[in-house]
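Visitor: Any chance you could fold what I've pasted below:
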Amino acid sequence: MVVSLRRMLRRLLFAALFLVLTLVIAAAFRLLAEWLRMPDPYAAPLGRAVKVFVNDPDGGPSPSVLDRLRLFYLTGD
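Guide: Numbering: from 1, shown residues only. I've put the predicted structure just below:
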């Protein structure tokens, strides 16, 4: 069996180049995905901003489970 060193080197170069280009493209897709990602709405605010949440402003009786479920489905939160 004749083994051509030139052919083996050419195949090794192709495999190495394929691997390097695959890693470069994967890194480019990762950067693109990070750039397109929506900001986290639950993250802590930056600067002097303050995150405010009022569950029940008047302090009255809490709504029933069915009312809360209906509100959940209406608002999608």
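
Visitor: so where is this structure shaky, pLDDT-wise?
Guide: Counting by pLDDT under 70, the ranges of the chain that qualify are 53-60, 77.

Visitor: Tell me which stretches of it form helices.
Guide: Under the criterion DSSP state H, the chain contains helices at 5-36, 65-75.

Visitor: What I need now is these written out in a markdown table, including mean neighbour count for each item.
Guide: (C-beta placed from N, C-alpha, C; glycine too.) What follows is the helices of the chain, written out as a markdown table (neighbours: other Cβ atoms under 10 Å):
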| stretch | mean neighbour count |
| --- | --- |
| helix 5-36 | 10 |
| helix 65-75 | 10 |
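
Visitor: looking at those, which is closest to Arg48?
Guide: Comparing the helices of the chain against Arg48 with Cβ to Cβ, the closest turns out to be helix 5-36 (26.7 Å).

Visitor: Can you tell me which of the helices of the chain is nearest to Ala44?
Guide: With Cβ to Cβ, the closest approach to Ala44 among those belongs to helix 5-36: 19.4 Å.

Visitor: Check the gap between the spatially most central residue of the chain and Ala44 for me.
Guide: Within the chain, one residue has its C-alpha closest to the average C-alpha position: by Cα atoms, centre = their mean, that is Arg37, at 5.9 Å. Noted for Arg37: a distance of 17 Å to Ala44, by Cβ to Cβ, to the nearest Å.
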